[in-house]
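Q: Predicted model, plus sequence, below.
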Amino acid sequence: MNLVINGNSMELGDEVSSVTMLLEHLGLAEKPLIIEHNQDILQKEHYRQVMLENGDTLEIVHFVGGG
Amino acid sequence: MSGTNRYHRQTLFEPIGETGQDRLMESHVLIVGAGALGSGSAEALVRAGIGKLTLIDRDYVEESNLQRQQLFSEQDAYEKLPKAIGAKNRLNDINSMVEVEAIIADAGADLLSELAPAIDLIIDATDNFDIRMLVNDISQKFEVPWIYGACVASYGMTFTIIPGQTPCLQCLQGYLPASGATCDSVGVIQPVVQHVVSYQVTEAMKLLTGNRAQISGKLIAFDLWKNEHMEMEIEKLKKPDCSSCSENRIYAHLSYGNQMKTTVMCGRDTVQIRPQHGIANLSKVAENLRSNKNLQLSWNPYLLSIQDENFRIVLFKDGRALIHGTMDEMEAKNVYYRYMG
Ligand SMILES: [Zn+2]
């Protein structure tokens, strides 16, 4: 399965089927993030239900504190 | 200088024009923090000719600031000048027509509440979420927009928060790092500071010149090194029961934050102590400590620096102290009481 994450194309195994699994795969499971899936912002509570398909685009950002 | 030509290139820019320039010159902006982001925003807004700028900062200039904090010089670092003062000096040189108010203090609830009624816009240039949450409550309570900005390494982020319109920072709380978890030790490069500043100042110009329709409305994040740029519509994250911006608002962050407070300063091996009641008589403290031969004292009109075997204590007139050489809040308190009683 091919996903476009923050503009970069990424090849992933089909077992990475939900947003939660993707985050685990990327080592981001416990991080506070904001995620957009196909232009739609996701509530944290829904990460588990949102299923990924070939060609999906995701934007993943995290808040930082420095200034 | 006559000043007639000063803003010519800016007024030629059609969305601003003479009308926008007049509005800029009547506006009062508060910048919280005079470090990297604060220096950049302050210089840009002062060059652009805003009416009045208020700068709050609790720190003083050090050598390691010079790589990215554009208002400061080697001399400022040598003199340990408070950043608010160093910034004001430089800003006055750049544009003497702008009134610059420099406040050497921790941005607490009382101070911000006092300033807010006269402020048109707040620019976030702090390095921590505790103060941002306070700024967010102030913004909602006094209906003043604020522009979040932050950066670390080659990554930056910004979002404009408009009361009654966008989600606020409290709405996003579940998506923020836990308190104290933002101390990054990965450094930062100067261009990403400039990039965040560019967004913040442009958004400020839109707001102040009556071009609200042009406000981005999106959360913007980028990594200049990795060549990534993200923008997202986060309207859906506005919480109907938010404690800062909904009908059930309680401004929780304003109610505490005036007690004695210790704060570990990011990546600096330093703890700030802010006593409940401010004001320290610096010359008196220096006099009391002078007989102690194990201490090296140095001072300027704004602060007193005390060096002992293990720690350096910098005491400000408002009673605050920075204890360098520890990240342990208890240890810092002990050092504070040792010298300040
Ligand atoms: Zn809110």
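A: Yes, it's here.

Q: Using CSV, write out every CA atom in the longest helix along chain B.
A: Counting by DSSP state H, the longest helix found in chain B is helix B:190-208. What follows is helix B:190-208, C-alpha atoms only, in CSV (Å, rounded to 0.1, in the frame of the first residue of the first chain):
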residue,chain,number,x,y,z
GLN,B,190,18.0,30.6,12.6
PRO,B,191,16.1,30.3,9.3
VAL,B,192,13.2,28.4,10.9
VAL,B,193,12.9,31.3,13.4
GLN,B,194,12.6,33.7,10.5
HIS,B,195,10.1,31.5,8.8
VAL,B,196,7.8,31.4,11.8
VAL,B,197,8.3,35.2,12.3
SER,B,198,7.3,35.8,8.6
TYR,B,199,4.0,34.0,9.1
GLN,B,200,3.3,35.7,12.5
VAL,B,201,4.1,39.2,11.3
THR,B,202,2.1,38.8,8.0
GLU,B,203,-0.9,37.6,9.9
ALA,B,204,-0.5,40.5,12.3
MET,B,205,-0.4,43.0,9.4
LYS,B,206,-3.6,41.5,7.9
LEU,B,207,-5.4,41.7,11.3
LEU,B,208,-4.2,45.2,12.1
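
Q: how many neighbours does residue B:223 have?
A: 17 (other Cβ atoms under 10 Å in any protein chain shown). C-beta coordinates here come from the backbone N, C-alpha and C atoms, glycine included.

Q: Please enumerate the strands of the chain.
A: No chain was given, so I picked chain A. With DSSP state E, the ranges of strands along chain A come out as A:2-5, A:8-11, A:34-37, A:40-41, A:57-61.

Q: Please refer instead to chain B.
A: B:28-32, B:52-57, B:99-104, B:121-124, B:146-152, B:155-161, B:218-223, B:228-233, B:261-265, B:270-274, B:296-300, B:303-307, B:312-316, B:321-324.

Q: wait, which of those strands is closest to residue A:25?
A: Across these, residue A:25 has its closest neighbour in strand B:228-233 (18.6 Å, Cβ to Cβ).

Q: Could you give the separation of the closest one from the chain centroid?
A: 25 Å (Cα atoms, centre = their mean, to the nearest Å).

Q: Need the residues that contact it.
A: A:6-8, A:34, A:36, A:39, A:41, A:59-61, B:216-222 (Cβ atoms under 8 Å, 6 or more residues apart in numbering or on different chains).

Q: in that strand, what counts as buried?
A: B:228, B:230, B:232 (16 or more other Cβ atoms under 10 Å in any protein chain shown).

Q: try stretch B:307-321
A: B:307-308, B:311-321.

Q: okay, how far is it across it, tip to tip?
A: 13 Å (Cα to Cα, to the nearest Å).

Q: Now the two most distant members of the buried residues of stretch B:307-321.
A: Farthest pair in the buried residues of stretch B:307-321, by Cβ to Cβ: B:308 and B:318, 22.4 Å.

Q: Tell me the confidence at the closest residue to residue B:212 other than its chain neighbours?
A: Excluding the flanking residues, the one nearest residue B:212 by Cβ to Cβ, 6 or more residues apart in numbering or on different chains is residue B:206, at 6.8 Å. Residue B:206 is assigned a predicted lDDT (pLDDT) of 98.

Q: how much space is there between residue B:206 and chain A?
A: Distance of residue B:206 to chain A, given as Cβ to the nearest Cβ, to the nearest Å: 21 Å.

Q: Contact residues of chain B facing the ion?
A: Within chain B, the positions near the ion by Cβ under 5 Å from the ion are B:168, B:170, B:171, B:242, B:244, B:245.

Q: count of neighbours near the spatially closest residue to the third one that is not a sequence neighbour?
A: Taking Cβ to Cβ, 6+ apart, and ignoring the residues beside it in sequence, residue B:171 has residue B:239 as its nearest neighbour in space, at 4.4 Å. The burial metric for residue B:239, expressed as a neighbour count using other Cβ under 10 Å, is 17.

Q: show me the contacts for residue B:239.
A: Here residue B:239 is in contact with B:167, B:170, B:171, B:245, B:246 (Cβ under 8 Å, 6+ apart).

Q: Dump these to JSON lines, plus distance to residue B:297.
A: What follows is the contacts of residue B:239, written out as JSON lines (distance: Cβ to Cβ, whole Å):
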{"residue": "B:167", "distance to residue B:297": "49"}
{"residue": "B:170", "distance to residue B:297": "44"}
{"residue": "B:171", "distance to residue B:297": "48"}
{"residue": "B:245", "distance to residue B:297": "48"}
{"residue": "B:246", "distance to residue B:297": "52"}
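
Q: Any chance of TSV for those residues, columns neighbour count and pLDDT?
A: Converted to TSV, these look like this (neighbours: other Cβ atoms under 10 Å in any protein chain shown; pLDDT from 0 to 100):
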residue	neighbour count	pLDDT
B:167	19	98
B:170	23	97
B:171	22	97
B:245	26	98
B:246	16	97
